[in-house]
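Asker: Build me a structure from this.
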Amino acid sequence: PDMLVQAGITPPAFLDSVTFALASVRMPGFFVVSGLLARSLMRVGWPELARRRVGLFSYLYVLWTAITAAVGALLATVSGAVPDAVGHIVMEGLAFDGVLWYLAALAVFFQVAWWCRRVPAAVQLAGAAALSVAAGLGIVPLHSWGAQHTVLLYVYFLAGLLLPTLVRDLAARASAARTA
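Answerer: Numbers count the residues shown, from 1 in each chain. Coordinates of the predicted model:
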C-alpha cells in the first residue's frame, strides 16, 4: 500500500488492515525460516559467504530498489507526481528505509552471524534479545525504520539458525494442534 500512496493512488482500505494484521507474524516468520536455511552457510569461508549471500542480497537490494523506483514512476504518472515518487523511493533505498529493507537486513544478518559463529548460542541470543528490546523501547537511537526493524528482528534469524530443533518442534506441535 505504501508505494501506491507515494504514487498518489489511494489503495483499498482493506489492504491496510491486512498488512497490519499480518505484520506481527510475517517478518518474524520470514527471518526464522531464513535462519533455518542459513545453517549450512555458517561452515563456509568468508569469501564464499560474501559471494553467495552478502553479495547476492546486496545485489538484489540495489536491483529491486531500481525496479521499485521505475514502477513507482510508472504508477506516479497517473497522478503527475513522478519526480517526487521516484526521488522518495530512491532516498528510501539509500537510507535503508524502503519496502526492500529486509534484503539489506539479510545481508547484515549473514555477516553478523558468520562473524559471531564461535560465540556461544546463549550469549548471541541474549545479546540479540536485549538489542531487540532496547530498539523497541527506543533506547537504541536508530533513525531509520529499516535499521530499527533489522535490530528488532535479528533475534528471530538467530532463533532459526541456532535453535533449529526447537523451531521445528514448535512448528510440528502447532501443526498437530491445528489438525486435531
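Asker: Thought residue 161 was touching residue 33, still the case?
Answerer: No - assessed by CB atoms under 8 Å, residue 33 is found out of contact with residue 161, at 10.7 Å. All C-beta atoms are positioned from the backbone trio N, CA, C, and that covers glycine.
Asker: which strands and helices sit next to the biggest helix by length in the chain?
Answerer: For the chain, the helix reaching the highest residue count under DSSP state H is reported as helix 13-38. In terms of contacts (3 or more CB pairs under 8 Å, 6 or more residues apart in numbering; DSSP states H and E), helix 13-38 is packed against helix 101-115, helix 145-162, helix 164-179.
Asker: Buried ones in the longest one, by neighbour count?
Answerer: By neighbour count on 16 or more other CB atoms under 10 Å, the buried set for helix 145-162 is 146-162.
Asker: Also stretch 163-180?
Answerer: Across stretch 163-180, burial judged by 16+ other CB under 10 Å covers 163, 167.
Asker: Report pLDDT for residue 79.
Answerer: Note on residue 79: pLDDT of 62.
Asker: mean confidence score for stretch 53-69?
Answerer: 84.
Asker: Over to stretch 156-173?
Answerer: 94.
Asker: Keeping just the C-alphas, turn that stretch into PDB.
Answerer: The C-alpha trace of stretch 156-173 is given here as PDB (Å, rounded to 0.1, in the frame of the first residue of the first chain):
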ATOM      1  CA  TYR A 156      14.300 -14.300  15.000                       C
ATOM      2  CA  PHE A 157      17.000 -15.100  12.400                       C
ATOM      3  CA  LEU A 158      19.200 -16.300  15.200                       C
ATOM      4  CA  ALA A 159      16.400 -18.500  16.600                       C
ATOM      5  CA  GLY A 160      16.100 -20.300  13.300                       C
ATOM      6  CA  LEU A 161      19.900 -20.500  12.900                       C
ATOM      7  CA  LEU A 162      20.800 -21.600  16.500                       C
ATOM      8  CA  LEU A 163      17.700 -23.400  17.700                       C
ATOM      9  CA  PRO A 164      16.500 -25.400  14.700                       C
ATOM     10  CA  THR A 165      15.300 -28.400  16.700                       C
ATOM     11  CA  LEU A 166      13.200 -26.200  19.000                       C
ATOM     12  CA  VAL A 167      11.700 -24.300  16.000                       C
ATOM     13  CA  ARG A 168      10.900 -27.500  14.200                       C
ATOM     14  CA  ASP A 169       9.300 -29.000  17.300                       C
ATOM     15  CA  LEU A 170       7.200 -25.900  17.900                       C
ATOM     16  CA  ALA A 171       6.100 -25.900  14.300                       C
ATOM     17  CA  ALA A 172       5.200 -29.600  14.500                       C
ATOM     18  CA  ARG A 173       3.200 -29.000  17.700                       C
END
